[in-house]
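Peer 1: sequence-free structure coming up:
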């Protein structure tokens with residue numbers, strides 16, 4: 001029984017080999033098929049890599065344009081802050097030069113006029 005097992009093992013080990021060299025077998029054609037599948041897989045991967053490269057380039061362009069836009073908005077906000085600060089300084093100067101009694105009468109008269117108009121239109 002050992003000799004039969006040895007022959008089967010030897011046959012499996014040397015399957016496809018003849019005295020003159022290697023004989024063409026089905027394993028050669030499967031190797032060729034595997035290589036073709038590998039080539040197709042490589043082509044598919046190359047297409048995906050190219051797609052990802054284009055996407056990353058597009059994302060980079062979007063990020064650059066958004067950064068540029070945000071920089072512009074920041075500069076505009078700084079300019080607006082300067083204008084608003086100047087306007088507030090002018091208001092402070094106007095209110096500081098008026099007397100507090102005069103300001104009180106002005107505000108009180110506006111409140112009274114508003115209340116009268118409110119009750120008349122109601």
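Peer 2: Noted; the coordinates are in hand. The shown structure was predicted, so the numbers you read here are calculated from the model rather than taken from an experiment.
Peer 1: do you know the pLDDT at residue 89?
Peer 2: Listed pLDDT for residue 89 reads 82.
Peer 1: give me the number of residues near it?
Peer 2: 10 (other Cβ atoms under 10 Å). To be clear about C-beta, it is placed using only N, CA and C from the backbone, and glycine gets the same treatment.
Peer 1: element containing it, please.
Peer 2: Per DSSP states H and E, residue 89 falls inside helix 26-97.
Peer 1: which helices and strands does that helix pack with?
Peer 2: Contact here means 3 or more Cβ pairs under 8 Å, 6 or more residues apart in numbering; DSSP states H and E; on that basis helix 26-97 packs against no helix or strand.
Peer 1: point out where the chain drops to low pLDDT.
Peer 2: Filtered on pLDDT under 70, the chain yields the residue ranges 1-29, 94-95, 97-101.
Peer 1: try it again with 50
Peer 2: 13, 16-26 (pLDDT under 50).
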